[in-house]
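I would like to see how this sequence folds:
(chains A and B)
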Amino acid sequence: DAKTTQPPSMDCAEGRAANLPCNHSTISGNEYVYWYRQIHSQGPQYIIHGLKNNETNEMASLIITEDRKSSTLILPHATLRDTAVYYCTRGTGGSYIPTFGRGTSLIVHP
Amino acid sequence: DVKVTQSSRYLVKRTGEKVFLECVQDMDHENMFWYRQDPGLGLRLIYFSYDVKMKEKGDIPEGYSVSREKKERFSLILESASTNQTSMYLCASSSIGTVNSPLHFGNGTRLTVT
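Numbering: from 1, shown residues only, chains lettered A, B, ... in the order given. Model prediction:
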């Protein structure tokens, strides 16, 4: 039970925004949403996390719905190097022990 | 930057061998994790540790054990390797001192058991 649901695959044109959705309808009030990505033959890399406010860093933006049942990771200007599997997970504080589902395989094409 | 180093990128072992996978992190993190990753199954948690000499079973601990004698090092042990343990093994660490600290992963060890 991955506790989150993501589409298995998406594609995006280079230079366009990539919007990756995640459903976490059973999330509890103190659980954060975390996003990672895994480029082929590397370990997963942390991208961003948030609780209820939208978050932005140098890699991406995270939009969490008001009811917190879903979120969207936004890569504003996707490049070929953003081709990877993206994982959405959830958890709380020091006891954050994430369960990873199959993620979304994003392919960015020229 | 946090660095999580796994000692081998590729390993080939024979059925029945005892196998040690080593992981070292350099950021004084309390938590360390071992996952395995198989096509179509995502990452599955084998064991984790939140302190020296402490360990907790994850979702698929059968056939594995772990050792954490020093804070920076977390070893995964296959007592008698079997072909169904052929997989990619990923180590990760995180801090409990930082609220909601994410996991930092190594680049994995691809183990083949023949």
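
burial count for the residue lying closest to residue A:83 once chain neighbours are set aside?
What sits nearest to residue A:83 in space, not counting adjacent residues and going by Cβ to Cβ, 6 or more residues apart in numbering or on different chains, is residue A:108, at 4.9 Å. Every C-beta, even on glycine, is put in place using the N, C-alpha and C of the backbone. When neighbours are defined as other Cβ atoms under 10 Å in any protein chain shown, residue A:108 has 20 of them.

Was I right to think residue A:108 contacts residue A:17?
No: applying Cβ atoms under 8 Å, one finds residue A:108 not in contact with residue A:17, separated by 11.0 Å.

Which residues of chain A lie near chain B?
Applying Cβ under 8 Å from any Cβ of the partner chain, we find that chain A lies next to chain B at A:2, A:32, A:34, A:36, A:41-46, A:49, A:87, A:92-94, A:96-103.

quick one, helices of the chain?
I went with chain A, as the question did not name one. Along chain A, counting by DSSP state H, no stretch forms helices.

which residues does the nearest residue in space to residue A:55 that is not next to it in sequence bridge with?
Nearest residue to residue A:55 in three dimensions, chain neighbours excluded: residue A:62, at 4.5 Å (Cβ to Cβ, 6+ apart). Bridge pairing for residue A:62 (DSSP bridges) gives the partners residue A:55, residue A:73.

Isn't residue A:62 up against residue A:73?
Yes: contact criterion Cβ under 8 Å: residue A:62 and residue A:73 qualify, at 5.9 Å.

Would you mind listing the residues touching both of the two?
Listed as contacting both residue A:62 and residue A:73 by Cβ atoms under 8 Å, 6 or more residues apart in numbering or on different chains are A:35, A:48.

Give the full set of residues in contact with residue 65.
Because you didn't say which chain, this covers chain A. residue A:71.

Chain B, not that one
Neighbour list for residue B:65: B:47, B:76-77, B:79 [criterion: Cβ under 8 Å, 6+ apart].

what's the answer for residue B:70, then?
residue B:52.

What residues are recorded as beta-bridge partners of it?
Residue B:70 has these beta-bridge partners by DSSP bridges: residue B:73.

In strands, which of the residues of chain A next to chain B appear?
Counted as lying in strands by DSSP state E, out of these, are A:32, A:34, A:36, A:45-46, A:49, A:87.

of the residues you listed, closest to residue B:104?
Closest to residue B:104 out of these is residue A:46 (6.7 Å), distances taken as Cβ to Cβ.

what bits of chain A have low per-residue confidence?
For chain A, the stretches with pLDDT under 70 are A:1-2, A:93-95.

one more time with 50
Residues of chain A meeting the criterion pLDDT under 50: A:1.

quick one on the thing from earlier: I'd like to know how many residues surround the residue nearest to residue A:55.
Count around residue A:62 with other Cβ under 10 Å applied: 22.

Which residues are in contact with it?
By Cβ under 8 Å, 6+ apart, the residues touching residue A:62 are A:33, A:35, A:48-50, A:54-56, A:71-74.
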